[in-house]
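[1] With the input below, show me the fold.
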Amino acid sequence: MKTSTSPQKDNATTKPVASRRNFMLSAAALGSGLFASSCAATKEKTVATAPVVKKEPIKSAYPERVRLSCAADPAHMQSFTWRAAGPLEKPQVQIAPLSASPNFENATLTFSAKAKAPFTILGRNQAYNYAFTITDLKPETPYCYRVGDGKKWSEWNVFQTASEKAAPFRFLYVGDIQNDIRSMCSRTMRMAFQHAPDARFIVYAGDLVTEGYSDELWDEFSYANGVISSLIPALPTPGNHDTHHRTKKMPPYPFNADPAYHGHFELPENGPSDLPALNQEVYYVDYQGVRMISLNSNALEDGTPPKIRNAQLAWLEKVLQNNPNRWTIATHHHPIYSTSKERDNEWLRKQLRPIYDKYQVDLVLQGHDHTYGRTYKLAGDQIVDDSKFGTIYAVSVAGPKMYNSNPKFDSLMPVYFGEKQLFQVISIDGDQLKYESYTVSGERVDGFTLEKGANGISKYTSTI
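    Numbering: from 1, shown residues only. Now for the predicted structure:
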């Protein structure tokens, strides 16, 4: 059922090292740092006139904002980030196989981390973000981990590596969080976690905060996600608000997310090799039979140098050409088919829709429009039947900022509406993809399944 709604609103002590048999790690490689990827520290200057909210100085170096991020090879790798007053002399990550016995601490491995995008916050001590990626983990294995400096540690948390093969799993997808994050978005994330506590990752479709440079807003984002961030890896894509920088002077690449965004995630570095500016913003992750692709749609806008646009599009074609997975899902911030009144990203549709059609992308997850809408199976801007390939496009919103829902493309959408905070649960099981959308009150408002045949073409069934 289609509905349209109301007016727009803006507003360490190091533990003994475990055996190689237990962790598949060699001592020689561990010493050389071959099992880690981390970013070197670079200080960002602050501007005295920047709007801030003063807080009491950080009085300890206990870790905060502990977060998992999706790694390039989730069957064998896991990435971590956290923040602490610093600089820390010995930032570290410890892991151990998950055990019911509290004596598991005797079998930990310890890794030295590095600072990532430190920055000074007015009214507070200097705070540093830290990051580390562990590799050569065992597939389908639960681990305990903690982060700290060897003296002051986070609590022990748990993560699980993916299977090397296609296997059933589900994940969460949320649209723009952006505004009133602590007050209004906490309930979205907590309700989503209640519905899918076994979710393997969370797709954030851009505009995670309304001002990408604001540490106060990243504090709210971290609060709203709470312990969820330390249990379920993030798979974010940058929105236009995430590119807001503190300084009035635009950086060399204004389409990049602010360093504060990057400080909170450690993501795959498998994007365009000739465009390092898009590092950890354009990337892909293969997860149990699904290729997940993040694009920076800000870098495809009119006015972006053609060289930059073409580099991202060429990379996308290469990633889709060499895709061994049964399912393909893309995420970017701006919608191909807008759901808000008087919006239409024709510039993006012209660039991406032909590629999605050509390489048979199954599902595209988007944000930006602060409404909800979902298309039928489409190709060439037309609804297609079950005998032909088609892509389904979704737009959703997790935060309280809402726009009018009156899309230009309503004839392509079985459902669209506004004024609801939402989250989506997407399940993959062999040849079936199941999509469900829920409001924060628990109401199921949309759903469909795709059943993929031997020829790669999916049968679409609405479950609204």
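[2] okay, now residue 103: neighbour count?
    Close neighbours of residue 103, defined as other Cβ atoms under 10 Å, add up to 8. C-betas here are computed from N, CA, C, even on glycine.
[3] Ok, the one 5 residues further on next?
    Taking other Cβ under 10 Å as the neighbour definition, residue 108 ends up with a count of 21.
[4] Next: residue 324.
    Counted with other Cβ under 10 Å, residue 324 comes out at 8.
[5] Enumerate every residue touching it.
    Taking Cβ atoms under 8 Å, 6 or more residues apart in numbering as the criterion, residue 324 is in contact with residue 286.
[6] so which helix or strand takes in it?
    When elements are defined using DSSP states H and E, residue 324 is found to belong to no helix and no strand.
[7] Now do stretch 192-202: distance to the chain's middle.
    Average the C-alpha atoms of stretch 192-202, do the same for its chain, and the two points are 14 Å apart (Cα atoms, centre = their mean, to the nearest Å).
[8] What residues sit buried inside that stretch?
    If you call a residue buried by 16 or more other Cβ atoms under 10 Å, then stretch 192-202 has these buried ones: 192-193, 195-196, 199-202.
[9] Setting aside sequence neighbours, what's the nearest residue to residue 281?
    With sequence-adjacent residues excluded and distances taken as Cβ to Cβ, 6 or more residues apart in numbering, residue 281 is closest to residue 296, at 4.5 Å.
[10] Among the buried residues of stretch 192-202, name the ones in helices.
    When DSSP state H is applied, the buried residues of stretch 192-202 are split such that 192-193, 195 fall in helices.
[11] Distance to residue 459 and pLDDT added to the residues you listed, as JSON lines?
    Output for these, formatted as JSON lines (distance: Cβ to Cβ, whole Å; pLDDT from 0 to 100):
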{"residue": "192", "distance to residue 459": "28", "pLDDT": "98"}
{"residue": "193", "distance to residue 459": "31", "pLDDT": "98"}
{"residue": "195", "distance to residue 459": "26", "pLDDT": "97"}
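[12] okay if I get the residues you listed as TSV plus distance to residue 453?
    Formatted as TSV, these follow (distance: Cβ to Cβ, whole Å):
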residue	distance to residue 453
192	31
193	34
195	29
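[13] Looking at those residues, which is nearest residue 136?
    residue 193 (29.5 Å; Cβ to Cβ).
[14] tell me what the host helix or strand of residue 131 is packed against?
    Secondary-structure assignment from DSSP H and E places residue 131 in strand 127-134. For strand 127-134, the contact count by 3 or more Cβ pairs under 8 Å, 6 or more residues apart in numbering; DSSP states H and E identifies strand 78-85, strand 92-97, strand 114-119 as packing neighbours.
[15] how about those strands in CSV, adding mean pLDDT, mean neighbour count and distance to residue 266?
    CSV is the format used below for the helices and strands packed on strand 127-134 (pLDDT from 0 to 100; neighbours: other Cβ atoms under 10 Å; distance: least, Cβ to Cβ, whole Å):
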stretch, mean pLDDT, mean neighbour count, distance to residue 266
strand 78-85, 94, 25, 4
strand 92-97, 97, 21, 11
strand 114-119, 74, 21, 7
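[16] Out of the ones you listed, flag the one nearest residue 291.
    That would be strand 78-85 among the helices and strands packed on strand 127-134, by Cβ to Cβ, at 18.3 Å.
[17] Dump that closest one to PDB, restricted to CA.
    Included here for strand 78-85 are C-alpha records, laid out as PDB according to Å, rounded to 0.1, in the frame of the first residue of the first chain:
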ATOM      1  CA  GLN A  78      38.700  -8.600  12.100                       C
ATOM      2  CA  SER A  79      39.200  -4.800  12.400                       C
ATOM      3  CA  PHE A  80      38.900  -2.800  15.600                       C
ATOM      4  CA  THR A  81      38.800   0.900  16.500                       C
ATOM      5  CA  TRP A  82      38.600   2.700  19.800                       C
ATOM      6  CA  ARG A  83      39.300   6.100  21.400                       C
ATOM      7  CA  ALA A  84      41.200   7.100  24.500                       C
ATOM      8  CA  ALA A  85      42.900  10.200  26.000                       C
END
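[18] So which elements touch it?
    Using 3+ Cβ pairs under 8 Å, 6+ apart as the test, strand 78-85 ends up in contact with strand 64-69, strand 127-134, strand 142-148.
[19] any chance of those in a markdown table, with mean pLDDT, distance to residue 448 and mean neighbour count too?
    Conversion of these to a markdown table gives the following (pLDDT from 0 to 100; distance: least, Cβ to Cβ, whole Å; neighbours: other Cβ atoms under 10 Å):
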| stretch | mean pLDDT | distance to residue 448 | mean neighbour count |
| --- | --- | --- | --- |
| strand 64-69 | 97 | 29 | 22 |
| strand 127-134 | 93 | 35 | 25 |
| strand 142-148 | 97 | 32 | 21 |
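[20] Identify whichever of those strands lies nearest to residue 397.
    Closest approach to residue 397 among the helices and strands packed on strand 78-85 is made by strand 64-69 (22.3 Å; Cβ to Cβ).
[21] other SSEs contacting the longest helix seen in the chain?
    Taking residue count as the measure and DSSP H as the definition, the longest helix of the chain comes out as helix 306-321. Under the contact definition 3+ Cβ pairs under 8 Å, 6+ apart, helix 306-321 sits against strand 290-294, helix 346-359.
[22] Point out the most buried one among the ones you listed.
    Per-stretch averages of neighbours, counted by mean count of other Cβ atoms under 10 Å, single out strand 290-294 among those, with a mean of 23.
[23] Brilliant, that's me finished.
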